[in-house]
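> My questions are about this predicted structure, shown below with the sequence.
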There are 2 protein chains.
Amino acid sequence: MQTSVSEEKEPKERILTAAASLFATKGYAAVGVREIAELAQVNVSMISYYFSGKMGILKEIILRYFEEVRQIYEKTLAKELPPEETLKEIVYELVSLMKNKTIFCKVAITEMPFNLPEFAEFKAEVIRLHIDYIKQGLKLIELFVDDPKFSSIITPAMVSLVFSHFLFGPLIKKVWEIELDDNYYELYAKTISTLLLEGITGVKNQIKSNKQGEQI
Amino acid sequence: MQTSVSEEKEPKERILTAAASLFATKGYAAVGVREIAELAQVNVSMISYYFSGKMGILKEIILRYFEEVRQIYEKTLAKELPPEETLKEIVYELVSLMKNKTIFCKVAITEMPFNLPEFAEFKAEVIRLHIDYIKQGLKLIELFVDDPKFSSIITPAMVSLVFSHFLFGPLIKKVWEIELDDNYYELYAKTISTLLLEGITGVKNQIKSNKQGEQI
DNA sequence: AAAAAAATCAAACGAACGTTTGATTGATTT
DNA sequence: AAATCAATCAAACGTTCGTTTGATTTTTTT
């Protein structure tokens, strides 16, 4: 374990990295500003100076995460591949995002289910801002399953599928005792996208056979 | 929103329910003991009296959650159904567990990715105690995919698939504007288990075709 | 070189934290 | 009825919390 951030750029970025790393392991609310400042090797007051408060750091982390996801969606949808290929590519890109910026993503995802009163409004705003491209992603899935009820099941399922590995990260290492190298993550992306595509196809067939059942 | 716990049993149970409900919405670390006490309508000191500290409540919640899951596994495996049916039934049971005891499950799951130093040992112990039946569950999947590397991908994926709806619960209501009644949850369980079964079958086929590719 | 702006610091702020104390009440046992 | 035990309480414990202050240093601009 490192006790300080190694020769890293500007203080503002050091604070962000240190905080993200602490938030990722202990959760936002369990981390104190002094702990962040020590790891980032800055004075405590610098946190309010640069981020106007501890909450500002979390907001910045979440904004950056959503921006990365937005770019992935935009970049991939612009290619206008067939839906299956698009979905596969999005999964690949999301996995490599998680691999390269694990702690940022983990913070954004683990803090998502919570509803701190001071934070609810900001989160709702972020969701609102990004709802457009989320729905673009949904249209993709609705090419398979054109019922909003199914989208509301499959979309969160897709998100949590892709991120499951990183959520349970430390536990996985402990239980299976495997090495998490580049090969592993390639297999991971491939397996998850297959799981998802074949799964959705299965759901689609299930719906079809149900409809036929009703008609008889 | 209720400001107190309605005429409920023993004080100890009131504390547990109140705490779980607060932990579920704000996260363990963001909730204070006084807030819990107020909601449970007990004196603050009763928390240490019954649970020997705030952490004791969280431990109790997590223990109860794991016990419920253990019972589901045991009960279902005892039936000795074919693997597909077993998997399907486990998913159904897990969904209905989440439906009936949402806040307890949500707390257990959302706090799982974090590693508070005072809490790491307990969590490792719980995992160790339950590793046996988790591996029993794994054997199920290894009937489809007999490579531990794939299990390490598919098992967390399965868990997060089943729980995705409850993790993103409030967000789902907001985005899709749908009613979450019994019918919805029946569809939910059915869809998730299809997604999972067909997905795993797809992964299995992918592996098979890869192996054939190597042999040529 | 002087002036202005930005960055950093130690120190202190009041508030909230989880826990403990010691007295008091209510119920149970002798 | 007396003694014992469990349950509850208000109050205070010492810490830690996030933030702010006002002085000081460093950098940039004039």
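Perfect, thanks for sending it.

> Only C-alpha atoms from now on, for both contacts and neighbour counts.
Will do.

> Residue A:39 against residue A:18, yeah?
Yes: assessed by C-alpha atoms under 8 Å, residue A:39 is found in contact with residue A:18 at 5.9 Å.

> Residue A:26 - how many residues pack around it?
A count of neighbours around residue A:26, defined by other C-alpha atoms under 10 Å in any protein chain shown, yields 18.

> who are the neighbours in contact with it?
Listed by C-alpha atoms under 8 Å, 6 or more residues apart in numbering or on different chains, the contact partners of residue A:26 are B:114, B:115, B:116.

> Next, the residues that contact stretch A:110-121 from outside, please.
Counting by C-alpha under 8 Å, 6+ apart, A:24, A:27-28, A:167, B:24-27, B:30, B:110, B:113, B:167-169 sit against stretch A:110-121.

> So which bits of that stretch are buried?
By neighbour count with 16 or more other C-alpha atoms under 10 Å in any protein chain shown, stretch A:110-121 contains the buried residues A:110, A:111, A:112, A:113, A:114, A:115, A:116.

> In helices, which of the residues you listed fall?
Judged by DSSP state H, helices contain the following of these: A:110, A:111.

> which of the buried residues of stretch A:110-121 lies closest to DNA strand D?
Nearest to DNA strand D among the buried residues of stretch A:110-121 is residue A:116, at 13.1 Å by C-alpha to the nearest atom of the strand.

> quick one, phi/psi of that closest one?
The phi/psi pair for residue A:116 (degrees, to the nearest 10) reads phi -70, psi 130.

> give me the number of residues near residue A:100?
For residue A:100, using other C-alpha under 10 Å, the count is 11.

> Dump the buried residues of stretch A:110-121 into TSV; add distance to residue A:52 as well.
TSV is the format used below for the buried residues of stretch A:110-121 (distance: C-alpha to C-alpha, whole Å):
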residue	distance to residue A:52
A:110	23
A:111	20
A:112	21
A:113	24
A:114	22
A:115	20
A:116	18
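
> Please tabulate the buried residues of stretch A:110-121 in TSV, including the columns pLDDT.
Output for the buried residues of stretch A:110-121, formatted as TSV (pLDDT from 0 to 100):
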residue	pLDDT
A:110	92
A:111	93
A:112	88
A:113	88
A:114	92
A:115	88
A:116	87
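
> re the thing from before, I'd like to know which of the contacts of stretch A:110-121 are buried.
By neighbour count, with 16+ other C-alpha under 10 Å, the contacts of stretch A:110-121 hold A:24, A:27-28, A:167, B:24-27, B:30, B:110, B:113, B:167-168 as buried.

> Mind putting the contacts of residue A:26 into JSON lines with distance to residue B:71?
As requested, the contacts of residue A:26 are arranged in JSON lines below (distance: C-alpha to C-alpha, whole Å):
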{"residue": "B:114", "distance to residue B:71": "25"}
{"residue": "B:115", "distance to residue B:71": "26"}
{"residue": "B:116", "distance to residue B:71": "28"}
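
> for those, which one is nearest residue B:89?
Lowest distance from residue B:89 to the contacts of residue A:26 (C-alpha to C-alpha) belongs to residue B:114, with 29.5 Å.

> Please report phi then psi for the closest one.
Residue B:114 has phi and psi values of phi -90, psi 160 when expressed as degrees, to the nearest 10.

> Where does pLDDT dip in chain A?
Low-confidence segments of chain A (pLDDT under 70): A:1-8, A:143-145, A:213-216.

> rerun that using 50 as the cut-off
Residue ranges of chain A with pLDDT under 50: A:1-6.

> Show me which residues of it sit near DNA strand C.
For chain A, the contact set with DNA strand C under C-alpha under 7 Å from any atom of the strand comprises A:11, A:42, A:43, A:44, A:45, A:46, A:49.

> Inside helices: which ones of those?
Members of the residues of chain A next to DNA strand C lying in helices (criterion: DSSP H): A:11, A:45, A:46, A:49.

> is it true that the first one touches residue A:42?
In other words, residue A:11. Yes: shown here, residue A:11 and residue A:42 form a contact pair, counting by C-alpha under 8 Å, at 6.9 Å.

> Give the residues shared as contacts by the two.
Counting by C-alpha under 8 Å, 6+ apart, no residue touches both residue A:11 and residue A:42.

> residues near residue A:207, how many?
Neighbourhood size, residue A:207 [other C-alpha under 10 Å]: 15.

> Hmm, I typed the wrong one, I wanted residue A:133.
16.

> quick one: contacts for it?
Taking C-alpha under 8 Å, 6+ apart as the criterion, residue A:133 is in contact with A:70, A:73, A:74.

> returning to that earlier point: hmm, which of the residues of chain A next to DNA strand C are the buried ones?
Among those, those buried by neighbour count (16+ other C-alpha under 10 Å) are A:11, A:42, A:44, A:46.

> Which residue, other than its chain neighbours, is closest to the third one?
Spatial nearest neighbour of residue A:44, excluding adjacent residues (C-alpha to C-alpha, 6 or more residues apart in numbering or on different chains): residue A:37 at 5.2 Å.

> so that neighbour is in which element?
Residue A:37 belongs to helix A:33-40 when assigned by DSSP states H and E.

> Buried residues of that helix, list them for me.
Judged by neighbour count (16+ other C-alpha under 10 Å), helix A:33-40 contains these buried residues: A:33, A:36, A:37, A:38, A:39, A:40.

> Hmm, residue A:203 is touching residue B:197, no?
No: assessed by C-alpha under 8 Å, residue A:203 is found out of contact with residue B:197, at 10.0 Å.

> tell me the angle the top helix by length along chain A makes with helix B:182-215.
Counting by DSSP H, the longest helix found in chain A is helix A:182-215. Helix A:182-215 and helix B:182-215 are oriented at 130 degrees to each other (axes from the mean of the first three to the mean of the last three C-alpha atoms, to 10 degrees).

> Residue A:212: neighbour count?
10.

> That one and DNA strand D, how far apart?
Per C-alpha to the nearest atom of the strand, to the nearest Å, residue A:212 is found 57 Å from DNA strand D.
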